[in-house]
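Chemist: Dropping the sequence and predicted coords here.
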Amino acid sequence: MSVAQFDRLAEKVLRGFASRTSRRSVFSVLGGLLAGAAALPLLPVARAGEGATDSGADPNSGEPPPLSTGNPQDPGDPSKCDYWRYCAIDGSLCSCFGGTVTSCPPGTEMSPITWIGTCRNPADQRSYIISYNDCCGGVQWGRCQCQNNQGDRPVVRPQNNNEVTWCFGIQSQTYTCTVSIILGVALEQK
Amino acid sequence: MSRRLLIKIAVASGALMAAAAAGQSSAPAGVENPQLAWQHWTLNCQGCHRPDATGSAGTTPSLAGTAAKFLWVPGGREYLARVPGVATSALSSADLAEVLNWLLWRFDKDNLPADFQPFTAAEVGALRARPLRLEASQMRADLLRKAEESGRP
């Protein structure tokens, strides 16, 4: 379609629209939309939704905890020890030191040698394989400790023990904190 | 989109799927469920050996491009099931046999001998009852040296 043809088509459509509508009717529709949008938060549905997020879920109710990752499939607060991915962790949370649940804080290096476990996601009730990589080389803060230890074995089986500091294969062996990276979905146990 | 083009796309994707299925049919011998074997590997071995099985110098030997070479020389097959990380694993002997068969195929398929017989639960169970200890690293070095000298059978 050439530009001239497009111009003619646009002109035809606009002239048709103008001849069928009045300016007053456009203003009345716009006004209605504005007033309606402003009144939406007053509706009981909206107020009920707000109440639910304020109060939070009862931790003993078995319901998924309130969302704070922004992803309904990944519920919970990654800065708290009860976040689902931390079920087998033993260490400090990197999300507490300027890192995130999957990235190390500035100035530290992620160890490629890791302790690996599984945790059940409350959103879909499936188990996920989680790699607990230590971040090493920073300051030893010693805060935001989190010990959940699911699947942990005694230290006589070092490959299945999470108390070992896994700062191997990198420059520093000074432990700072631990991240929790999903490697995949675990098969359901028979 | 013309109907003829759609048919061509359908035929091409069908051929691709068939090729993928053919690729899977060369799955490792002696592994009933490759996904479960991968999961056992991930939860029990990968932490130290790394996802690509290259290991870490000084602490964890590489399996990639190496593991199947042990099968070239007498005593190598026994070494694979008696090495401490394998023998003292928390896995059952049946699961362990599958993981061994799977990892030999996954990380060192090119070096597998043509007449390779998969590990069985009974064989692994008997071998892991006599785990290697400090002698493991010396035995590893000797076996690999002999394997390099003899070459692939």
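Modeler: It's in.
Chemist: Near residue A:120, how many other residues are there?
Modeler: Neighbour count for residue A:120, taken as other Cβ atoms under 10 Å in any protein chain shown: 14. Backbone N, C-alpha and C define where each C-beta goes, glycine included.
Chemist: contacting residues for residue B:121?
Modeler: B:92, B:93, B:94, B:96, B:97 (Cβ atoms under 8 Å, 6 or more residues apart in numbering or on different chains).
Chemist: burial count for the fourth one?
Modeler: Taking other Cβ under 10 Å as the neighbour definition, residue B:96 ends up with a count of 23.
Chemist: okay, which residue is most central for chain A?
Modeler: residue A:69 (2.8 Å; Cα atoms, centre = their mean).
Chemist: hang on, it in a strand?
Modeler: No: counting by DSSP: H, G, I helix; E, B strand; the rest coil, residue A:69 is not part of a strand but coil.
Chemist: What is the burial count for the closest residue to it other than its chain neighbours?
Modeler: Distances taken as Cβ to Cβ, 6 or more residues apart in numbering or on different chains put residue A:78 closest to residue A:69, at 6.3 Å, once the chain neighbours are dropped. Using other Cβ under 10 Å, residue A:78 has 20 other residues around it.
Chemist: Could you grab the helix/strand/coil label for residue A:78?
Modeler: coil.
Chemist: Let me see the backbone angles for it.
Modeler: Residue A:78 adopts backbone torsions of phi -60, psi -10, taken as degrees, to the nearest 10.
Chemist: isn't it right up against residue A:101?
Modeler: Yes: counting by Cβ atoms under 8 Å, residue A:101 is a contact partner of residue A:78 at 4.1 Å.
Chemist: shared neighbours, these two?
Modeler: A:85, A:95.
Chemist: does the closest residue to residue B:121 other than its chain neighbours count as helix, strand or coil?
Modeler: Excluding the flanking residues, the one nearest residue B:121 by Cβ to Cβ, 6+ apart is residue B:94, at 3.9 Å. What three-state DSSP gives for residue B:94 is helix.
Chemist: Residue B:94: neighbouring residues, count only.
Modeler: 14.
Chemist: and the residue in chain B that chain A sits nearest to, what does it touch?
Modeler: For chain B and chain A, the shortest gap (Cβ to the nearest Cβ) falls at residue B:56, measuring 4.1 Å. Contacts for residue B:56 were tallied using Cβ under 8 Å, 6+ apart; they are A:112, A:113, A:168, A:169, B:48, B:50.
Chemist: quick one on the thing from earlier: OK, contacts around the residue nearest to the centre of chain A?
Modeler: A:75, A:76, A:77, A:78.
Chemist: farthest pair in these?
Modeler: Using Cβ to Cβ, the pair of these lying farthest apart is A:75 and A:78, separated by 10.4 Å.
Chemist: among the helices and strands of chain A, which has the poorest mean pLDDT?
Modeler: helix A:44-55 (a mean of 49; mean pLDDT, DSSP states H and E).
Chemist: what's downstream of it, the next helix or strand?
Modeler: Next along the chain after helix A:44-55, taking DSSP states H and E as the criterion, comes strand A:90-92.
Chemist: Can you report the mean pLDDT over the residues of that following strand?
Modeler: Mean pLDDT, computed over strand A:90-92, is 89.
Chemist: Off-centre distance for that strand?
Modeler: 20 Å (Cα atoms, centre = their mean, to the nearest Å).
Chemist: tell me what that strand is packed against?
Modeler: Packed against strand A:90-92 by the contact rule (3 or more Cβ pairs under 8 Å, 6 or more residues apart in numbering or on different chains; DSSP states H and E) you find strand A:126-136, strand A:145-147, strand A:175-185.
Chemist: hey, least reliable of those by pLDDT?
Modeler: Averaging pLDDT over each of the helices and strands packed on strand A:90-92 puts strand A:145-147 lowest, since it has a mean of 89.
Chemist: roughly how far out does that one sit from the chain middle?
Modeler: 20 Å.
Chemist: before we move on, what about stretch A:165-179?
Modeler: 25 Å.
Chemist: Done for today, thanks.
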